[in-house]
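Participant: what would the 3D arrangement of this be:
(one chain, ligands or ions: 1)
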Amino acid sequence: MSKSYLSVEGLTQRYADGSGGEMTVFEGANFTVEKGEFVVILGHSGCGKSTIMNILAGLAQATEGVVIMDGKEVSGPSLDRGVVFQNYSLLPWLSTIKNVTFAVAARHPDWSREQVLAHSKKHLEMVGLNESVFHRKPSQLSGGMRQRVSIARAFSISPKLLLLDEPFGALDALTRGTIQDELLKVWAGTEQTVFMITHDIDEAILLADRILLMTNGPFARVAESVEITIPRPRNRTEIVEHPNYYAIRNHLVQFLGVRSKELAGTTGSEDNRPETVRIDLTKAGKTKTAKIAV
Ligand SMILES: Nc1ncnc2c1ncn2[C@@H]1O[C@H](COP(=O)(O)OP(=O)(O)OP(=O)(O)O)[C@@H](O)[C@H]1O
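Facilitator: Okay, the predicted model is just below:
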C-alpha cells in the first residue's frame, strides 16, 4: 500500500447519460499527493476535475475507488479538509469577522471567545484585510475581498488538506495577481497540503510544486505529473525570467492544445499512474522520466 499523505486509488466516476445508458467520466484513476505539496490539476472542461475535488472533499462519493488521507479513508466532509470555491461560499447573513469566527469556534470548541477572535483577526490580516471591513457583510465587499475572506477562513481552521476549486476565476487580472501573491505568502508559512483546480496555466506554474494533466473526457485520465522545477519563493514578475518557465509552459500548452485530445479515451500504463515529466534546462537539458515512483 502507498504511504503517501493523500492517495487516490482506483477512482472511477460514472453517471447516467440521460438516455438509459452510462457515461464514464474517468476510470481507475491513481495518484498521490505528499504532505505539504501544492498540486494543481489542469484539464479541459468536463474531464472531471470538480468531480475529483468533490470526492476529495467528501462531498460526493465515487462510483468505485477510495481516497485515503493520513491513513484514513475519506467518507464524508470534515474540518480536516477546507474548501474554497469560486463563488466564495461565505454566509451572507454574517459579517466578515463572524464568517471566520464561526469556523474557528467549530474547529476549536474549547477556545475562549477572545482566543477565537484573535485567531480570526490574525488570519484576516494575513490576507491583507483590516479592521475597517471586519463588520461588513459579504454583499458589502468587493469580489476580491470576499475571496480573501474565504481564503482566510480556510487557513484559519488549519485543515490537513486545502481544496481550491478555481478560487480566483471570477476576479479581474490585477486582483487575481495580488491574491495569488497573498496565497503564496500565507501558504509558505504553513505545512499546508493544497490541491487546486485552475484553468490558468501561468497561475498553475506560479503556485504549484506539481501539475497533474488530465486528458479529455469521457474516459479521462490523469496522464502526466509535471514537476515545476522553479525554486521558491516565486513571484509573478521574476518567474518568467527563469530558464525553465517557457519550456514548462510550452509543454503544458502543447498537452492541453493537442495531446489531451489525442490521448482521450486511451489507456495509460498498466497501473494507471501519471507519467512524471521533469523539465530542467538548468541541468542536463529536458528530461522525461518514465513513471512516478510511489
Ligand atoms: N451529477 C451529475 N450527473 C450527471 N453528470 C454529471 C454530474 N456531475 C458532473 N457530470 C458530468 O461529468 C463530467 C465531469 O464534470 P466536472 O464538473 O467534474 O468537470 P470539470 O473538469 O470540473 O469541468 P469544468 O472545468 O467545466 O468545471 C461532465 O461531463 C459533467 O457533465
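
Participant: shaky segments in the protein?
Facilitator: The model of the chain has pLDDT under 70 over residues 1-2, 87-88, 284-294.

Participant: mind checking how far the residue located most distally from the centre of it is from Gln13?
Facilitator: Within the chain, the residue lying farthest from the chain centre (C-alpha atoms, centre = their mean) is Gly20, at 33.8 Å. Gly20 sits 19 Å away from Gln13, going by C-beta to C-beta, to the nearest Å. C-beta coordinates here come from the backbone N, C-alpha and C atoms, glycine included.

Participant: now swap in Arg136 and tell me
Facilitator: Counting by C-beta to C-beta, the separation of Arg136 from Gln13 is 39 Å.

Participant: what does stretch 119-132 contact?
Facilitator: Stretch 119-132 has contacts (C-beta atoms under 8 Å, 6 or more residues apart in numbering) with 96-97, 100-101, 104, 108, 111, 134, 145, 148-149, 151-153, 155-156, 178-179, 182, 185-186.

Participant: out of those residues, which touch the ligand?
Facilitator: Among the contacts of stretch 119-132, no residue lies close to the ligand (C-beta under 6 Å from any ligand atom).

Participant: any of the residues you listed buried? List them.
Facilitator: Buried subset of the contacts of stretch 119-132 (neighbour count, 16 or more other C-beta atoms under 10 Å): 96-97, 100-101, 104, 108, 134, 145, 148-149, 151-153, 155-156, 178-179, 182, 186.

Participant: who has more neighbours out of Arg136 and Gln13?
Facilitator: Per other C-beta atoms under 10 Å, whichever of Arg136 and Gln13 has more neighbours is Gln13, with 24 against 15.

Participant: got a list of what the more buried one touches?
Facilitator: By C-beta under 8 Å, 6+ apart, Gln13 lies in contact with Thr24, Val25, Phe26, Gly48, Thr51, Ile55, Ala62, Thr63.

Participant: got a PyMOL select line for the buried ones in these?
Facilitator: Remark: buried members of these, expressed as a PyMOL selection using 16+ other C-beta under 10 Å:
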select buried, resi 24+25+26+48+51+55+62
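
Participant: format the contacts of Gln13 as CSV; extra columns: secondary structure and distance to the ligand.
Facilitator: Shown next, in CSV, are these (DSSP: H, G, I helix; E, B strand; the rest coil; distance: C-beta to the nearest ligand atom, whole Å):
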residue, secondary structure, distance to the ligand
Thr24, strand, 10
Val25, strand, 4
Phe26, strand, 8
Gly48, coil, 4
Thr51, helix, 3
Ile55, helix, 10
Ala62, coil, 12
Thr63, coil, 11
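
Participant: alright, I will stop here.
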